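Peer 1: sequence first, then the predicted structure:
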Amino acid sequence: MIKEQNEPWQSGMAKSITFIVTKDCQLACKYCYLVGKNSKERMPWEVAKQAIDYILDHEDEFREESVVWDFIGGEPFLEIDLIDRICDYLKQEMFRRNHHWFNSYRFSFSTNGINYDSEKVQNFIKKNINHLSIGITIDGTQRKHDLNRIWKTKEMEQGIQPKPEEEKGSYKDVVRNIPLWLEQFPNAGTKVTISSADIPYVKESVLHLYSLGIHEVNINVVFEDVWKEGDDKLFEEQLMQLADAIIDGGYYQDYACSFFSEHIGKPLDAKLDNQNWCGAGKMLSIDATGNFYPCTRFAGYSLRSKKPIIIGNIRDGIDQNKLRPFLTLDRTTQSPKECIDCEVASGCAWCQGENYDAAETPTIYQRATAICKMHKARVRANNYYWNKLFRKLELEGEREEYEKSKKKSNEVIC
Amino acid sequence: MLQYLIILLDEASTPFCSLTPCPSDPPTPFRGRKEGGLIPLETLRQGIRFGMMENLMIQYVYPDKELPKEYLEVIESIDHSKIRSLPLTPPKEGGTEVDVWVTESIKDIKADVPVVWRTDKQSLFNSEADIIKALENVPRLNIVLTDIETFIEEDFEKYKSLLEKLSKAIEQMYVDGKAPQLNLLTDRMMLSKMNNCGAGDTSITLAPNGKFYVCPAFYYEDETDCVGDLEHGLDIKNKQLYKLEYAPICRHCDAWQCKRCVWLNRKTTLEVNTPSHEQCVVAHLERNASRELLNNIRKHGSFLPEQEEIKEIDYLDPFDKRDTWQ
Ligand code: SF4
Ligand code: SF4
């Protein structure tokens, strides 16, 4: 059987509600937008409780069949006591109110994995195991991981950057928890984000993650305008090598990598394929002060150059007018002509928050196309991958078997 | 395509649109937010030259004071229309030369050119009789609501009922052989496509500081929010967003008389191309009342035979129908 990506749980019908529980973290990853801002803001219990009460009180405004209660940071597990209390309260209240989300909910975490094995985190996991998704971030090989994901020092909190030789990578502290994680979540996937400096490590990183026993690697390039001259060529080469390695090594049978998908690189119909890509507005994020955002990317701390888009707060509720642009946004209205006419448009993603941040006016209706050349490079390597794989399957008489058993792939972009 | 250049002749030019110049300090009639200076004569000249070169029709917005003689000459150097405040004592018929009067009081108005009445909902709801009287005394009345964003369910009800009453009165006037014009009710009957305010798309505003703005409201709200200046020309970023095709809700709508105020859009939804719920419901109450009016007038005989019927619809906010768009 050929492994394609697992479909995220009830992905289409679920409301995603994110608590930004803390901005603190043990690490100071070089690409993190929190680094340097030195904020330790934590969500007080009262804010979390009021947010939950508001959301559950307004069942008619949240009609999605199910819900993903998502916890992010900083490092969310630094606030495990708060999280445990929130989750207990959620379960209790969904039950007491006979809410339609009771029995149709999930708690979801993205963690750096460092205190994954701590007693408190483990107790929490055991208590909620049937309703949990946890993703641990590892960037790839030790070399690659330790390049960016370094420990925070006291000096850094005062704004003093360590010398390169003093930097302490976090690879070992994370990797030691991988076996336990995979034992508890055998289908777990990891998310890798590629920026310009990471391109040379793409192939070795994916293969390394496979070798750690992670079967699903969701990987994408950042949407920001960071790409240098020649990055697309380098990226294409890496992906071609990765394609060879996956196919020649037979990994495609049990492992998935989101770079390769049968559905990308085709033209899109202006009318029939006109949906927005990103889910901002259909999600809800809550920060420590109790403000609501259409997605975490619109909170002040993740924006470079624009004002936050606050769509309400736990006291006054959601301002439905502020959601209207998000809920009526479509692909063609925000795309330049080049994208509408593009021959390889499918799978070319965007992030509403980055679009807003990069736009010339404060609008979510101007699509940023910094990833254009990277998408085109990916499409070329992707075409190569499928041509090579299908030929191999045909020669081995397995093509039909593949077509029968293949699952719909699902791209996770942010 | 750009067609109109609105020139504010003074920093205290008459607000004629939905803008309430200063929310914390309600405007006294006929005064804009800024006290102060006339547009410099040279700026005015350059503005006119710009308008001529771009083939734009010029609309001057006047302050409530006499302009010096040298201004009058420059103003008259190009074909234009004039927008000014209706003086407290009604002008004599055929009096001061003006194309649109703006007023903040509907009582006893009389004029031989169109009148814009800027009002909040409270005085609107209390002015049924005055409006009907005004319709007899002006060729056209444009009612501009300055607080649409504050409408709640109860206000929608009051608005609906006011429109019904005005519609009855207008019907009777038609039966009596008159043809009153009230933007809220008679425009939609006559239109066959969208007829919105057009700021940023068909019109642009020149302020006394020599900079261009999407409309006067953008200038009064934040002077830094300009879209070019006389020296460097127009530079409207994301210009497409002022066009109907780039407005996902409005392009599915047939409340063609709606102003589709981009300034109010931005204020309420943060996007110039997305209207608030309140804006849409108000415009649909007008649309539906126009439908009734058209049907009722037609009961008395042939009326606008070439105009299509206004369809019955089951929504007041097109946003609620978004699942049916393709
Ligand atoms: S950004 Fe580039 S690759 Fe993506 S759709 Fe637009 S033109 Fe095509
Ligand atoms: S009623 Fe609403 S959708 Fe229709 S034109 Fe007016 S603002 Fe746009």
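Peer 2: Received, thanks. Residues are numbered from 1 along each chain as shown, chains lettered A, B, ... in the order given. Ligands and ions are numbered 1, 2, ... in the order given.

Peer 1: output the set of residues of the stretch 151-300 of chain B in proximity to ligand 2.
Peer 2: B:Ile249, B:Cys250, B:Cys253, B:Ala255, B:Cys258, B:Arg260, B:Pro275, B:Gln279, B:Cys280, B:Ala283, B:His284 (C-beta under 6 Å from any ligand atom). (C-beta placed from N, C-alpha, C; glycine too.)

Peer 1: these in helices, which ones?
Peer 2: Counting by DSSP state H, the members of those that fall within helices are B:Gln279, B:Cys280, B:Ala283, B:His284.

Peer 1: nearest residue to the second one other than its sequence neighbours?
Peer 2: Read that as B:Cys280. Excluding its sequence neighbours, the residue lying closest to B:Cys280 (C-beta to C-beta, 6 or more residues apart in numbering or on different chains) is B:Asp317, at 4.3 Å.

Peer 1: next, count neighbours for the closest residue to ligand 1 within chain B.
Peer 2: Nearest residue of chain B to ligand 1, counting by C-beta to the nearest ligand atom: B:Gln240, 16.0 Å away. Other residues lying near B:Gln240 total 15 when counted by other C-beta atoms under 10 Å in any protein chain shown.

Peer 1: so how far is A:Pro179 from it?
Peer 2: 54 Å (C-beta to C-beta, to the nearest Å).

Peer 1: same question for A:Thr361.
Peer 2: Spatial separation of A:Thr361 from A:Pro179 under the definition C-beta to C-beta is 50 Å.

Peer 1: which residue packs closest to A:Leu389, ignoring adjacent ones?
Peer 2: Using C-beta to C-beta, 6+ apart and skipping the chain neighbours, the partner closest in space to A:Leu389 is A:Ile247 (5.4 Å).

Peer 1: name the member of the residues of the stretch 151-300 of chain B next to ligand 2 with the most neighbours.
Peer 2: Using other C-beta under 10 Å as the neighbour test, these are led by B:Pro275, with 31 neighbours.

Peer 1: hang on, isn't that residue packed against B:Ile249?
Peer 2: Yes - the pair B:Pro275 / B:Ile249 is scored as a contact, 6.1 Å apart, by C-beta atoms under 8 Å.

Peer 1: so what sits against both of these two?
Peer 2: A:Arg324 (C-beta atoms under 8 Å, 6 or more residues apart in numbering or on different chains).

Peer 1: hey, where'd the helices end up in the stretch 51-200 of chain A?
Peer 2: In order along the chain, the stretch 51-200 of chain A carries the following helices (DSSP state H, counting those that start in this stretch): A:80-96, A:119-128, A:142-148, A:154-157, A:171-175, A:178-184.

Peer 1: as JSON lines, those helices with mean pLDDT, mean neighbour count and distance to B:Asn288 would be great.
Peer 2: Conversion of the helices of the stretch 51-200 of chain A to JSON lines gives the following (pLDDT from 0 to 100; neighbours: other C-beta atoms under 10 Å in any protein chain shown; distance: least, C-beta to C-beta, whole Å):
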{"stretch": "helix A:80-96", "mean pLDDT": "98", "mean neighbour count": "17", "distance to B:Asn288": "41"}
{"stretch": "helix A:119-128", "mean pLDDT": "98", "mean neighbour count": "15", "distance to B:Asn288": "52"}
{"stretch": "helix A:142-148", "mean pLDDT": "90", "mean neighbour count": "19", "distance to B:Asn288": "59"}
{"stretch": "helix A:154-157", "mean pLDDT": "82", "mean neighbour count": "12", "distance to B:Asn288": "62"}
{"stretch": "helix A:171-175", "mean pLDDT": "96", "mean neighbour count": "17", "distance to B:Asn288": "62"}
{"stretch": "helix A:178-184", "mean pLDDT": "97", "mean neighbour count": "15", "distance to B:Asn288": "59"}
